[in-house]
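A.B. asks: need a structure here:
(one chain, ligands or ions: 1)
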Amino acid sequence: MKNPNKLNTIDAGLVTQQPSIGNAKLASRKWPGYAPFSVFNPVLPGSCPSSCPKMNLGRAAAHKNVKRTGEGFRNGVRLAALSRPDLRMWGYTHFWRHPGMLEYRDSLPENVSIVASVETPEELNEAESLGWALAAIAVPSTTGYIEADEVRALREAAKSPTPRGLVLCPAQRPNPRAGCADCLLCARQPRKFTVIGFAGHGVGKTSKQLDGGCCYAQQGNVRLHELRAGRTQTDFLKTLSSLPPNALVRLVVSGDFGPFNTPNQEN
Ligand code: SF4
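C.D. replies: Below you'll find the model as predicted:
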């Protein structure tokens, strides 16, 4: 395989690469320096806690040719994916039950994957019945990583109420040997419903570092990364369309894919 490092050299607009490659969950362990581009979205009510200091602070200038949030953003992603079928994009949503999200998911080309973020094992059956190929489920973690006891607990949880397999995010194991750029499970559409286990955000180390318990997007590398994107962001569609060939794009690093029907916000 050709070393892909040279492909990802653009740092512009709403879309940037992770700044600290060595620690980044997204970055490749196999090819140091190779990482997906990240797309940040405004934090809105509906999926994020109201204590988040970024609540409602959309960056309208960043979305020059798409509306600030909601439908405009989703349409922007779809347009970019259609015009650049070589890009591979993925993101997560807590709005996996919403009919609008189901319709949107089914309208997307194959190079965009959305993962249903469920809260409890009981919701896995429902997500599967709604046609989701991938579901993410979190387990509380004291370290921010999935460790042996947590693996056992998570496997048992995934078996109930329906026995099914569970893939643990390889980038969240102690001493991970793979990052998203190596794994890409979330960017695939497996034929069989697949459950991915993650260490929960906002728990353990993360929550201790955050007043009021907000998410990983408010700290460390992700926060720096988003600030950098905010300083340089220009035009969403133009930026996405100018990415190097075959670039990987992690959608909605902060916020959520949606939201729908939130008060005082466009959908
Ligand atoms: S399962 Fe794979 S693609 Fe998904 S978040 Fe983990 S490392 Fe990234």
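A.B. asks: Might you report the residue contacts of the closest residue to residue 91 other than its chain neighbours?
C.D. replies: Leaving out its chain neighbours, the residue that sits closest to residue 91 by Cβ to Cβ, 6 or more residues apart in numbering is residue 251, at 3.3 Å. C-beta coordinates here come from the backbone N, C-alpha and C atoms, glycine included. With contact taken as Cβ atoms under 8 Å, 6 or more residues apart in numbering, residue 251 is in contact with 39, 41, 77, 89-91, 112, 257.
A.B. asks: For burial, what's the neighbour tally of the closest residue to residue 85 other than its chain neighbours?
C.D. replies: Excluding its sequence neighbours, the residue lying closest to residue 85 (Cβ to Cβ, 6+ apart) is residue 111, at 5.6 Å. Here the number of neighbours of residue 111 (other Cβ atoms under 10 Å) works out to 17.
A.B. asks: Also residue 198?
C.D. replies: Neighbour tally, residue 198, other Cβ under 10 Å: 20.
A.B. asks: Check it and give its pLDDT.
C.D. replies: For residue 198, the pLDDT comes out at 84.
A.B. asks: now do residue 168
C.D. replies: You'll see residue 168 listed with a pLDDT of 86.
A.B. asks: what's it in contact with, if anything?
C.D. replies: 146, 151, 154, 196-197.
A.B. asks: Restricting to those residues, which residues neighbour the ligand?
C.D. replies: Among the contacts of residue 168, the residues lying close to the ligand (Cβ under 6 Å from any ligand atom) are residue 196.
A.B. asks: Let me know the closest of the contacts of residue 168 to the ligand.
C.D. replies: residue 196 (5.0 Å; Cβ to the nearest ligand atom).
A.B. asks: if I pick residue 172, what's in contact with it?
C.D. replies: 25, 144-146, 198-199.
A.B. asks: how close does it sit to the ligand?
C.D. replies: 7 Å (Cβ to the nearest ligand atom, to the nearest Å).
A.B. asks: which element is residue 156 on?
C.D. replies: helix 148-159 (DSSP states H and E).
A.B. asks: So what would you say the end-to-end distance of stretch 166-174 is?
C.D. replies: Counting by Cα to Cα, to the nearest Å, you get 18 Å between the two ends of stretch 166-174.
A.B. asks: again, but for stretch 94-112
C.D. replies: End-to-end distance of stretch 94-112 (Cα to Cα): 17 Å.
A.B. asks: contacting residues around it?
C.D. replies: Against stretch 94-112 from outside (Cβ under 8 Å, 6+ apart): 46-47, 74, 77-78, 81-82, 84-90, 93, 114, 116-118, 126-127, 130-132, 135, 189, 251, 256-261, 267.
A.B. asks: Alongside the ligand, which residues does the stretch 51-200 of the chain contribute?
C.D. replies: Going by Cβ under 6 Å from any ligand atom, the residues of the stretch 51-200 of the chain near the ligand are 169-171, 179-180, 183-186, 196.
A.B. asks: Quick check: the farthest pair among those residues?
C.D. replies: 179 and 196 (14.4 Å; Cβ to Cβ).
A.B. asks: how many neighbours does residue 110 have?
C.D. replies: 10.
A.B. asks: that older thread, taking the contacts of residue 168, please make a ChimeraX selection of just the buried ones.
C.D. replies: Of the contacts of residue 168, the buried ones go into a single ChimeraX selection, burial set by 16 or more other Cβ atoms under 10 Å:
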select :146,154,196,197
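A.B. asks: can you redo the contacts of residue 168 as JSON lines with distance to residue 32?
C.D. replies: Converted to JSON lines, the contacts of residue 168 look like this (distance: Cβ to Cβ, whole Å):
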{"residue": "146", "distance to residue 32": "23"}
{"residue": "151", "distance to residue 32": "27"}
{"residue": "154", "distance to residue 32": "29"}
{"residue": "196", "distance to residue 32": "24"}
{"residue": "197", "distance to residue 32": "26"}
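A.B. asks: Just flag the most distant two among the contacts of residue 168.
C.D. replies: 151 and 196 (13.0 Å).
A.B. asks: Can you show me the strands along the stretch 101-250 of the chain?
C.D. replies: All strands of the stretch 101-250 of the chain, identified by DSSP state E, counting those that start in this stretch, fall at 112-118, 134-139, 166-168, 194-199, 248-250.
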